[in-house]
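Visitor: Fold the stuff below for me.
(chains A and B)
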Amino acid sequence: MQPDLLRGPGAARRPAPLRGRADPGSAWEAARADLDGLPGGAGLNIAHEAVDRHAADPARAGRVAVRWLDRSDTVHDLTYRDLAGRTARFAHLLARLGVGPGERVFTLLGRVPALHVTVLGALKARCVVSPLFSAFGPAPVRERMRLGGAAVLVTTPQLYRRTIAPIRAGLPDLRHVLLTGGDGSGGGEPGTLDLDALLDAEEPTFTIGPTDPQDPALLHFTSGTTGTPKGALHVHEAVVAHLATARAALDLRPDDLFWCTADPGWVTGTSYGIVAPLVVGATLLSDQGEFDALRWYRTLEREGVTVWYTAPTAIRMLMRRGEDGVPALPRLRLVASVGEPLDPDAVRWTARVLGRAAHDTWWQTETGAIMIAHRPGDDVVPGSMGRPLPGVQAGLLARGPDGRAAVGAHGGVHVLHGVAEGELALRTGWPSMFRAYLGAPERYAACFADGWYLTGDIARRDLQGHYRFVARADDVIKSAGHLIGPFEVESVLTAHPAVVEAGVIGTPDPVAGELVKAFVTLRAGTEPTEELRAELLAHARRALGVVAPKEIVFADALPHTRSGKVMRRLLRARELGLPDGDLSTLETAR
Amino acid sequence: MTTLTDDDARAIVLDALRAVAPGPELDALGPHDDLRDTLGLDSLDFLAVVRRVSERSGRRIEEDDYGRLGDLEGWVALLAGGG
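Guide: Just a heads-up that it's a prediction; the model follows:
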């Protein structure tokens, strides 16, 4: 743990200069120059760049910042002036509640304006914000809020009752729960406060305190192969990369209507669902509804979306529906995709049916912003993720017997040149690079070697320098744009009294990329009945929510490594019909 | 295509839901409860339900019908109402 990353900006601290890093001529420097910095040289704060500087400009204050579609398709607009006022009220409220800079504010919300207000208001108060996926069950939520030391949670009465109430007693650090957007049946939950009423009582102007660009700002959880989820910590300087990549990869401009369909619980939902379009000064569209092909087409057409950032799973679901009734979308300038690799068929389909070939983009929770993409104006190479953005130095590293980049005795790596396949790595030092895994310095350190960040993705590079995703180097499952850690799922399954052991893998799926599939062995004398399967599925869904396995298979035995761990790679190989023998080296790898 | 009674249609849909999202929430499901919210269905779960109901009922369910299938009553109306 790097404790300094979570200290509050005390009175004695002097903010570092805005242009602290000397990287003259780089793409980052150009973006840095277009940010304002806090008035009086008081540092750099994401919320100032995203909201207050626009609201302070009479020419921009009345522009729509957030266009929200509620479930019934009604449009609600928030201008930059409105957003500045509401986020100011939220920042005041945190102070009134005794929540100080550096403390963690969590959200468990769908796509509603309270999300934007909470995230940006908490950043104004120099708190660290961690948005969680509202479809998580109680188990993953508890784990993340414990790891993050959540002091405040903003959620709805419905989600509170379903997900938080059962685990509240296990979250002693959680001092305040603020409920918003009651569904009519709730309110007055014991131990909670009414956010909307409290905000009304606060002042709509707020002066952001001195903020060092290296102060922590955002905490996003991601899943690893083993152990607990990892809390990737990002700093206010990340906004430099949000602006640079919004321009370089998404071609965002102030007059754009930008729609990012990602859930706020994943890093995309914050970096591009909230921060990037607002820093540019564009209008972001936020849709409360879930995926529905006709509704999405209607929204694209009626709202005149100009730049659309979505996911391969969504595109493949549109493809399933067919081409009837797809509206002409003359204002749509760019379609981009993130989450898992975009297959060539999907690229060709978008080109033919939407009139724009979808641009794949590649990045991770840890990178904080898009690193590799087909840039606007590039010819899209179907199946490829594109090339590194300006300012990003990507490389492929030779792999060792465990499938990860080989690191020599003195810490060196072997960088591959030209056409090659290896572990994708990035030269460290880009502004939105994660600065810690909260409370796990050894896991953080293990991500770096010889000045490279090791991504865990295996990729191939062609003659033109385009990168293509090949596979994960570990057992993490990529399903419908979500990164799911098998260990977290296995732990919940083995907590059931009938289960002895569980192995969880991703199995190929034409829509979602991969689906979570679990193999379990049962306690002696337990019958593998359909009733038990349903019970296990219900148990897993109740604890995990949407990351629960979609399929549970009873197995007589599971393959093990020599150290006794369930060998997921062998389960996966068998699932894919590959010969086991190909994996003999992996069996000894650990 | 044989016409289903309301009860047949309801039974088929409940079976499909039970295979995808079993549990006490399903046992207590009302005809107008939002399926996504009440059962925590995501888009992939929903597609799995569609596939199972199609197989059992012998009826192709068009993507454009999905908007009507937010609750149990919507499913019954589609399957038993013939349209």
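Visitor: what number of residues lie near A:Gly418?
Guide: Residues lying near A:Gly418 (other C-beta atoms under 10 Å in any protein chain shown) number 9. Every residue, glycine included, has its C-beta placed from N, CA and C.
Visitor: Also A:Asp34?
Guide: Using other C-beta under 10 Å, A:Asp34 is surrounded by 13 other residues.
Visitor: A:Val553 versus that one, what's the distance?
Guide: Distance of A:Asp34 to A:Val553, given as C-beta to C-beta, to the nearest Å: 54 Å.
Visitor: Residues of chain B that sit close to chain A?
Guide: Proximity of chain B to chain A (C-beta under 8 Å from any C-beta of the partner chain) is limited to residues B:18-24, B:36-37, B:40, B:42-45, B:47-48, B:63-64, B:66-67.
Visitor: I'd like to know which of the residues you listed are buried.
Guide: B:18, B:20-23, B:36-37, B:40, B:42-45, B:47-48, B:63, B:66 (16 or more other C-beta atoms under 10 Å in any protein chain shown).
Visitor: okay, among those residues, which ones form the most distant pair?
Guide: Largest separation among those by C-beta to C-beta: B:Gly23 and B:Glu63, giving 27.2 Å.
Visitor: pretty sure A:His374 is touching A:Val380, no?
Guide: Yes: with contacts counted by C-beta atoms under 8 Å, A:His374 reaches A:Val380, the gap being 5.0 Å.
Visitor: More neighbours: these two, which one.
Guide: The neighbour comparison of A:His374 against A:Val380 (other C-beta under 10 Å) goes to A:His374, with 26 against 22.
Visitor: Next, name the residue at the spatial heart of the chain.
Guide: Let's take chain A. Central residue of chain A (C-alpha atoms, centre = their mean): A:Val267, 1.9 Å from the mean position.
Visitor: try chain B instead
Guide: B:Val13 (4.0 Å).
Visitor: for whichever helix or strand A:Ala336 is part of, packing partners?
Guide: Using DSSP states H and E, the element containing A:Ala336 is strand A:334-337. Packing contacts for strand A:334-337, counted by 3 or more C-beta pairs under 8 Å, 6 or more residues apart in numbering or on different chains; DSSP states H and E, involve strand A:307-310, strand A:359-362.
Visitor: right, and the helix or strand after it?
Guide: Following strand A:334-337 toward the C-terminus (DSSP H and E): helix A:344-349.
Visitor: For that following helix, name the packing helices and strands.
Guide: So helix A:344-349, by 3+ C-beta pairs under 8 Å, 6+ apart, packs with helix A:312-321.
Visitor: tell me, how many neighbours does A:Leu218 end up with?
Guide: For A:Leu218, the count of nearby residues is 27 (other C-beta under 10 Å).
Visitor: Mind pulling up the pLDDT for the residue nearest to it when sequence neighbours are not counted?
Guide: Once flanking residues are discounted, A:Leu218 sits nearest to A:His234: 4.3 Å by C-beta to C-beta, 6 or more residues apart in numbering or on different chains. What the model reports as pLDDT for A:His234 is 98.
Visitor: Show me the contact partners of whichever strand or helix holds A:His234.
Guide: According to DSSP H and E, A:His234 maps onto strand A:230-235. The contact list for strand A:230-235, computed with C-beta atoms under 8 Å, 6 or more residues apart in numbering or on different chains, reads A:5-6, A:128, A:130, A:144, A:147-148, A:213-224, A:267, A:365-366, A:368, A:432, A:434-440, A:443.
Visitor: and with 6 Å instead?
Guide: The contact list for strand A:230-235 (C-beta atoms under 6 Å, 6 or more residues apart in numbering or on different chains) reads A:147-148, A:214, A:216-222, A:224, A:365-366, A:368, A:434-438.
Visitor: Chain B contacts on chain A?
Guide: Contact residues (C-beta under 6 Å from any C-beta of the partner chain) of chain A with chain B: A:291-293, A:321, A:512, A:534, A:537-538, A:545-546.
Visitor: Most neighbours among those residues, please name it.
Guide: With neighbours taken as other C-beta under 10 Å, the top of the residues of chain A next to chain B is A:Ala512, carrying 28 neighbours.
Visitor: CA atoms of stretch A:524-533 as CSV?
Guide: Presented in CSV, the C-alpha positions along stretch A:524-533 are these (Å, rounded to 0.1, in the frame of the first residue of the first chain):
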residue,chain,number,x,y,z
ALA,A,524,-19.9,-37.5,-1.0
GLY,A,525,-23.4,-38.8,-0.9
THR,A,526,-24.9,-35.7,-2.5
GLU,A,527,-27.0,-36.5,-5.6
PRO,A,528,-26.3,-34.4,-8.7
THR,A,529,-30.0,-33.6,-9.4
GLU,A,530,-31.6,-30.8,-11.4
GLU,A,531,-33.0,-29.4,-8.2
LEU,A,532,-29.5,-29.1,-6.8
ARG,A,533,-28.3,-27.4,-10.0
